[in-house]
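J.: no sequence on this one, just coordinates:
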């Protein structure tokens, strides 16, 4: 049995969805979106405002997201492109790929047993506070990261740009991996 629901609401309407064993597409919402997902793929496209997303055993794919975003995931792969605003992500067991541009204000990411990849078009315009526990870290040589407080199985590195204002990227990875790379500029639709 296959069931497809297409629900249209005004863009400013707050939306709460609970999804199990399926696919959920959310597009062009501007107020608030709250999603509780299990065993489901969640697609987000052109979302702004407040987003609260909880996912277990499913994937999250988002593009053109702007606002205050909170994501809690377990055994979930996350791919976010062209993100702006404030992001708080707590992830366990998954692959996290984040493509950020100049509109990103804050990214706080706490990942456990996850592979984390950050792709930024202008690496030197962000402030980085990176911590890894029993995890390798890779970053480009063009940024002069400063190693802080080396401890057994723990690395802490930081980078502060020379500009007066800069977005913050704070990442902690435990028993996973962290990779930062320069990416080509993300094209807006």
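T.: Nice, I can see it. What you see is a predicted model; the values in this text were computed from it and never measured.
J.: where does this structure have low pLDDT?
T.: For the chain, residues meeting the criterion pLDDT under 70 lie at 184-189.
J.: make it 80
T.: Applying pLDDT under 80 to the chain flags residues 1-4, 101-102, 121, 141-144, 147-151, 183-189.
J.: Which stretches in it count as strands?
T.: All strands of the chain, identified by DSSP state E, fall at 15-20, 23-29, 32-38, 41-56, 60-74, 78-120, 127-133, 137-138, 146-151, 154-159, 168-174, 177-182.
J.: May I see the ones you listed organised as TSV, with distance to residue 7 added?
T.: From N, CA and C alone the C-beta is placed, and that goes for glycine too. Converted to TSV, these look like this (distance: least, CB to CB, whole Å):
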stretch	distance to residue 7
strand 15-20	9
strand 23-29	10
strand 32-38	13
strand 41-56	14
strand 60-74	19
strand 78-120	24
strand 127-133	40
strand 137-138	43
strand 146-151	49
strand 154-159	44
strand 168-174	35
strand 177-182	38
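J.: quick one: residue 39 from residue 180, how far?
T.: Separation of residue 39 from residue 180 (CB to CB, to the nearest Å): 31 Å.
J.: what do you get for residue 165?
T.: Distance of residue 165 to residue 180, given as CB to CB: 21 Å.
J.: Show me which of the two is the more surrounded one.
T.: Neighbour count, other CB atoms under 10 Å: between residue 165 and residue 180, residue 180 has more, with 23 against 8.
J.: pretty sure the more buried one contacts residue 132?
T.: No: distance between residue 180 and residue 132: 11.5 Å, which falls outside the contact criterion (CB atoms under 8 Å).
J.: overlap in contacts of the two?
T.: Counting by CB atoms under 8 Å, 6 or more residues apart in numbering, residue 180 and residue 132 have no contacts in common.
J.: Tell me which of the strands of the chain sits nearest to residue 2.
T.: Within the strands of the chain, the stretch nearest residue 2 is strand 23-29; the backing value is 10.7 Å (CB to CB).
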